[in-house]
Structure formats: C-alpha cells, structure tokens
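K.L.:
based on what follows, work out the 3D shape:
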Amino acid sequence: MWLFLFLLLIPTQLGKHFWPDWSYVLGIRIDYLSPTLYLLDLIWIVLFFLNFKTFFKTPQSRLKSGQLPLTREYLFKFKYLIILGFVGINILMAVNPMVAVYKWLRLGQFLITFFYFKKNKVLIKEKLVKVIPCWIILESLLAVAQMAKNGSLNGIFYWLGERSFTFNTIGVAQISMLGRGLIRAYGTFSHPNSLAGFLLVSLLLWGWLKPSPNPSLDRAGLLFKNAFWWGVFWLGLLGIFVSGSRTVWVLTLVLILGFVVKNIKNKIKAVTLILLFLGIIFFGFKLVNMEYQVSDFLGGWDADGIGKRTQLISAGVKMFKESPLFGVGLGNFLVRLPEFQKNNGIFWLQPVHNIILLIMSEAGLFGLIILIFNFQFLISNKKKKIDLIFKIIFGVILVSGMVDHYWLTLPQNVWLVVLVLSLSSSSSYKVYQVK
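P.N.:
Residues are numbered from 1 along each chain as shown. Down below sits the predicted model:
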C-alpha cells in the first residue's frame, strides 16, 4: 500500500516550506533554496522504516556472483572515500554551506530510493501499470481545466500541490490563442515546462509497460477494448499541448513521426498519418499568436526568454571558470547569481537553463565526471543491452535539459528520473516487503 501511494503521489508537490536566513537571496525568498517537507517525504519515511532491511540488504544473487556485501570495508573502499572527500570540499567551497548540505542530503535520499526501486523493479513495474494512467489522466484533465478557467481550480487540487494563480498573477506563464490571452497549464507542477516533460516521459513509460493493443493503428484500434489505452495516450498529448512547452512539442512530434515511420509498413497509410499529424501541428500554431521571432522558438513565450537564458548561461560559465574543479557548491548557483548579474540589463533569479552547465557550475568537472561514471555503472548490463525506450527517454531528458533545468531542480521531475534510472538498471530481482 505504501509503495503504491508513494508512486501515485510523485506528480504532487504538497509540502511545508521553511524559511531560514540562508534560503533568502537579496532579501527574497527562493523556493529552490527552501528546505521543504513534502507529503511524499512523509510517505517515504514510513516506507523506509517498514522496509529498512530491503533498502540496505544485499541480495543473494550479488553474493553468489562474488560481489561484496554492504560491509564497513565495502563502504570505505577508495572510490567512496574520494566521493566523500569531494562532497566535503564542495560544501566547504560554498558561500552558503547550509544550502549545499541540504542539497547533498536530498541527493542521498534520491540515491537510497534508487537502490530500493532497483531491488524491487518487478514490483515497481506492476504498480506503474496502474499508477501512470492516473498521472496522465489527472494531470491532463486538470491542465485543460486550468486553461479553460484561465487560472487554478483550487479546492481539492490545492492538496495535490496546485499553486494558486490567475491570468494576471505576476510571473504566470501565458500564451495567446485566437487573439485571447490564456495561461499555460501548470497541473500540479511549478511550471508548464516541468509538466510537459513529465507527461512525455510518462507516456513513453506507459507505452513500454503496456504496449499499444493495436500498434498498426488500423480499425481494430477503435474497438472498445482498446479505448482506454488510446484515451490515456491522447489525453497525454492534449496535456502536453496545453502546457505550451514548445521544446516538448517538438520532441513529441519527432517521436510520433519516428514511431509511424518504423511501425507502419503501408507507405500510403504512413504518409497519411504523417500529413495528419503535421496538419494538427499546423492548426495548433495557427491557433497560437505567433508574434515572436523564429529565434525565440525554444526560449519560451516570454519575449525576453532568449535574453534571460543567455544571461544565465553567461553567469554559469563565469561560475565554472571561478571554480572549475569542485564548483561553487551544490545549490549555490542562485546564491552566487547576483554577483554575476550586476552589470546585466536583465536580472532573473532562476537556475541556469542547461542541466550540464548547472552541474558544472555547482559541482565542477570533478562532479560531472563522477556523475557520468556512476550513471554508466548504475545502468550498465553486460548481458543485456539497455532497452531502446530508455535510450529515447534519456535523450528526451538530455535535449529538454539543454534549454531548461527542471530535471535537476523540481522534485516531481527528479523523482521521475530516479524511477527511470532504476527501471533501466541492470538487475531485477524480487524483494517484496510492504506493498
């Protein structure tokens, strides 16, 4: 029950923010720096204590294969001492060490959860078959309702983490369709881009866990028994559309066209479907007010989007040059940002919209190397190649992460990354405890 509840609530963000002095920058509260106790954290704590042995017990399969158990000698192998030493240096390098400590503790929580998910991969997959449709249906319907109302729904959705906003709320993401100003749908997320990325990866996982009942897309796909699958699929696409995230729009279109080309053998049918999708996209852009230059296409609907992102990239590069090996401290990009925006015409307290540069500026080259090495280690499998679907998902995360930061900074998206990494990892063995 607790595991199912934890997975079900991953898209939510109901939590209590705390505001110590070190969570302010220039006297302004910064959500990214605020230590937050989420509802999901409370469920995680219960799950952790009910499954303590499962979180840390080394499975027999690893013992038989000659791999070391989780003993003191194993923990203090040389490479772990190097990593612990790096963490200590990174914290000491931080102007705001408390933020760095908090971010490293969060990273530790994510790593512990990754290993727990990895050990229970079969069970996780069983739960996700039921959970992912709930994610997609709820978030997409909520997103459509928000756009129709031109604001948040509030009520019960507040308890799922929906933020209160209207079209006139300062800083709310907007779009224009048929000459009418509308909000971009947020769902229960902090930003529409975050929602869009979450929905796209969720759809890919849904297609992997429960393949289309009719991949050839012929008349059988219209049968009632297949209606639920296609309902989830089209709702997911609708949620992505009303989010207004053009980067995810492009990625979604590329993936759909790739699927059509690969799976439709009849050339006439394939061309027809491609033209249909292109027509839908063209119609969508006709609905949208396109008073933006082509250069603004991936910069968001904000007319200053490219300029703001360029300034953040410039600040990130300068931070990296200042501390190229160990970074300025985990979570300290925003702490240091005012120092690097003094002479800029644009002042924007946001993380740099590029996950690689964000890692390099906060953790340096050393941190990036550790990340790459451990990423390969965590998902490596000598006996079996990584599934194509995970290569696609990692590609989606990397490409969208080149123009945004939510895969590293917003909890719902980070939890989804942890889930994807655990499902793509090399081992799968049942360690059923609390369900």
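
K.L.:
can you give me the helices in the stretch 301-435 of the chain?
P.N.:
Secondary structure of the stretch 301-435 of the chain by DSSP state H, counting those that start in this stretch: the helices cover 305-322, 333-336, 355-379, 388-401, 406-409, 411-424.

K.L.:
tell me what angle the fourth one forms with helix 411-424.
P.N.:
Orientation of helix 388-401 against helix 411-424 (axes from the mean of the first three to the mean of the last three Cα atoms, to 10 degrees) gives an angle of 150 degrees.

K.L.:
re earlier: I'd like the helices of the stretch 301-435 of the chain as CSV, with distance to residue 41 appended.
P.N.:
Any C-beta I mention is one placed from the backbone N, CA and C, and that applies to glycine too. Converted to CSV, the helices of the stretch 301-435 of the chain look like this (distance: least, Cβ to Cβ, whole Å):
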stretch, distance to residue 41
helix 305-322, 29
helix 333-336, 22
helix 355-379, 22
helix 388-401, 23
helix 406-409, 17
helix 411-424, 9
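
K.L.:
any idea which of those helices is most buried?
P.N.:
helix 333-336 (a mean of 23; mean count of other Cβ atoms under 10 Å).

K.L.:
so what touches that one?
P.N.:
For helix 333-336, contacts defined as Cβ atoms under 8 Å, 6 or more residues apart in numbering pick out 25, 30, 32-33, 94-96, 99, 316, 319, 328-329, 349-352, 358, 361-362.

K.L.:
just checking, what packs against the longest helix belonging to the chain?
P.N.:
Using DSSP state H, we find that the single longest helix of the chain is helix 121-149. Helices and strands touching helix 121-149, by 3 or more Cβ pairs under 8 Å, 6 or more residues apart in numbering; DSSP states H and E, are helix 2-8, strand 180-183, helix 192-209, helix 227-243, helix 411-424.

K.L.:
give me the distance from the first one to the chain's centre.
P.N.:
Put plainly, it is helix 2-8. 18 Å (Cα atoms, centre = their mean, to the nearest Å).

K.L.:
now do the buried residues in it.
P.N.:
Using 16 or more other Cβ atoms under 10 Å as the test for burial, helix 2-8 gives 2, 3, 4, 6, 7, 8.

K.L.:
follow-up on the earlier one: measure how the longest helix of the chain sits relative to helix 192-209, angle-wise.
P.N.:
Angle of helix 121-149 versus helix 192-209, following the same axes, to 10 degrees, is 140 degrees.

K.L.:
quick one: distance of helix 121-149 to the chain centre.
P.N.:
14 Å.

K.L.:
following element in sequence after it, please.
P.N.:
Next along the chain after helix 121-149, taking DSSP states H and E as the criterion, comes strand 174-177.

K.L.:
what helices or strands is that following strand leaning on?
P.N.:
Using 3+ Cβ pairs under 8 Å, 6+ apart: strand 174-177 touches strand 180-183.

K.L.:
same thing but 10 Å
P.N.:
If you count contacts as 3 or more Cβ pairs under 10 Å, 6 or more residues apart in numbering; DSSP states H and E, strand 174-177 packs onto strand 180-183, helix 227-243, helix 267-287.

K.L.:
pick the most buried one from those.
P.N.:
helix 227-243 (a mean of 20).

K.L.:
between helix 121-149 and that one, find me the angle.
P.N.:
Going by the same axes, to 10 degrees, helix 227-243 makes 50 degrees with helix 121-149.

K.L.:
quick one: distance of helix 227-243 to the chain centre.
P.N.:
18 Å.

K.L.:
in the next helix or strand after it, which residues are buried?
P.N.:
As assigned by DSSP H and E, the chain's next helix or strand after helix 227-243 is helix 246-263. The neighbour-count check on helix 246-263 (16+ other Cβ under 10 Å) flags 246, 247, 248, 249, 251, 252, 255, 256, 260 as buried.

K.L.:
all set now, cheers.
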